[in-house]
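>>> Give me a model of this one.
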Amino acid sequence: MTMISDDTDRICNALRFSSYFCAWPQEDIITLATLCKWRRIEADTILIDAGEKASSLYLIVNGHVELSYADGDGAGGVIDLLENGQLVGECALAQDGCYAVTVRTLERTTVIEIDGQGFSAFLAEHFDRALTMMSALTERLCRLLRQAEELKCLSAAQRLGIYVLADAVPVDGAYETPLTIEKGVLARKLGMKAETLSRALKKLSEIGVSQIANGRVMRIEDPEALAAWCGLSDGDTEEGGENAFKTAV
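Just a heads-up that it's a prediction; the model follows:
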């Protein structure tokens, strides 16, 4: 069951914390909020169906969604997983556009639904805001291209290693990364099968990566060694505090 609330205040607060809108002035945030709906959607629900007319964009407030595709023969796969603060459904900004992918919730998810036609009209009248959106969308496209390159050039274990490095934080002389999604979902995100993920985990254990807390946390004893094994350059892993590896993925 999906519940809709017209709470403008919490919509404004969520928009302010999104990288897409955090630099916008308050008056523009309020204007955008009038084009939005606050929605809570149950797990395993189709939010966007590929081929349908694109009418809304969705900003994920809390939860995870899976982007997938199917070709003419019915085969397909997972393109990406999106989480808090990310935007999906940008096709709604194009006149008479259709959704290119299917988006499904992986858990109970809260989103802000943005009216596509109204948002498009707003951007047409606010050139600076349109530029910030273009910049954010271009950055996301570049990330997807990097992921496609990884699928071609890196082994399954290397892709998994880069993933755990991206969110690693220092804990008791090592680094740890919590796994916020199920391993089956993680495998699909990284472009592999569940059994391939298991083999990748075994391979990483030889490089000082262990599973703790019943497999919900990855512990990295030597992040620099793991980064080198994954093919990351020194420049990718130099100073940066808790997010030292974030720019590498």
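>>> What distance do you get for W24 to R140?
Counting by Cβ to Cβ, to the nearest Å, the gap from W24 to R140 is 18 Å. Every C-beta, even on glycine, is put in place using the N, C-alpha and C of the backbone.
>>> I'd assumed L160 was in a helix, is it?
Yes - L160: assigned to a helix according to DSSP: H, G, I helix; E, B strand; the rest coil.
>>> what's near enough to touch it?
For L160, the contacting residues are 190, 197, 200-201, 204, by Cβ atoms under 8 Å, 6 or more residues apart in numbering.
>>> Reformat those as TSV; add distance to Y58, pLDDT and secondary structure.
Shown next, in TSV, are these (distance: Cβ to Cβ, whole Å; pLDDT from 0 to 100; DSSP: H, G, I helix; E, B strand; the rest coil):
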residue	distance to Y58	pLDDT	secondary structure
L190	23	83	coil
L197	28	91	helix
A200	31	94	helix
L201	32	94	helix
L204	34	94	helix
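>>> export those residues to CSV and tack on distance to T132?
Shown next, in CSV, are the contacts of L160 (distance: Cβ to Cβ, whole Å):
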residue, distance to T132
L190, 30
L197, 37
A200, 37
L201, 39
L204, 38
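>>> Name the helix or strand of this protein that has the lowest mean pLDDT.
strand 3-5 (a mean of 47; mean pLDDT, DSSP states H and E).
>>> State the next helix or strand along the chain beyond that one.
Remark: after strand 3-5, the chain's next helix or strand is helix 8-16, criterion DSSP states H and E.
>>> ok, back up a step: now render the contacts of L160 as CSV, adding neighbour count and distance to L232.
Formatted as CSV, the contacts of L160 follow (neighbours: other Cβ atoms under 10 Å; distance: Cβ to Cβ, whole Å):
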residue, neighbour count, distance to L232
L190, 21, 16
L197, 21, 20
A200, 22, 16
L201, 19, 19
L204, 22, 14
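>>> Quick check: the gap between Y20 and Y58.
12 Å.
>>> Which of those two has more residues huddled nearby?
Comparing Y20 with Y58 by other Cβ atoms under 10 Å, the one with more neighbours is Y58, at 25 against 19.
>>> Now the common contact residues for Y20 and Y58.
Joint contacts of Y20 and Y58 (Cβ under 8 Å, 6+ apart) are L87.
>>> Alpha carbons of the host helix or strand of R199, as CSV, please.
Counting by DSSP H and E, the element that carries R199 is helix 194-205. What follows is helix 194-205, C-alpha atoms only, in CSV (Å, rounded to 0.1, in the frame of the first residue of the first chain):
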residue,chain,number,x,y,z
ALA,A,194,25.5,-14.9,-6.2
GLU,A,195,27.9,-17.8,-6.6
THR,A,196,30.5,-15.5,-8.3
LEU,A,197,30.2,-13.1,-5.3
SER,A,198,30.9,-16.0,-2.9
ARG,A,199,34.1,-16.8,-4.9
ALA,A,200,35.0,-13.1,-4.9
LEU,A,201,34.6,-12.9,-1.1
LYS,A,202,36.9,-16.0,-0.8
LYS,A,203,39.5,-14.3,-3.0
LEU,A,204,39.4,-11.1,-1.0
SER,A,205,40.0,-13.0,2.2
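>>> what's next to it, contact-wise?
With Cβ under 8 Å, 6+ apart as the test, helix 194-205 has contacts from 155-157, 159-161, 164, 183-184, 186-187, 190, 192, 209, 211, 226.
>>> Quick check: next helix or strand after it?
With elements assigned by DSSP H and E, the helix or strand that comes after helix 194-205 is strand 209-212.
>>> buried ones in that next one?
Residues of strand 209-212 classed as buried: V209 (neighbour count, 16 or more other Cβ atoms under 10 Å).
>>> Sheet partners, orientation included, of that strand?
If you go by DSSP bridges, strand 209-212 pairs up with strand 217-220 (antiparallel).
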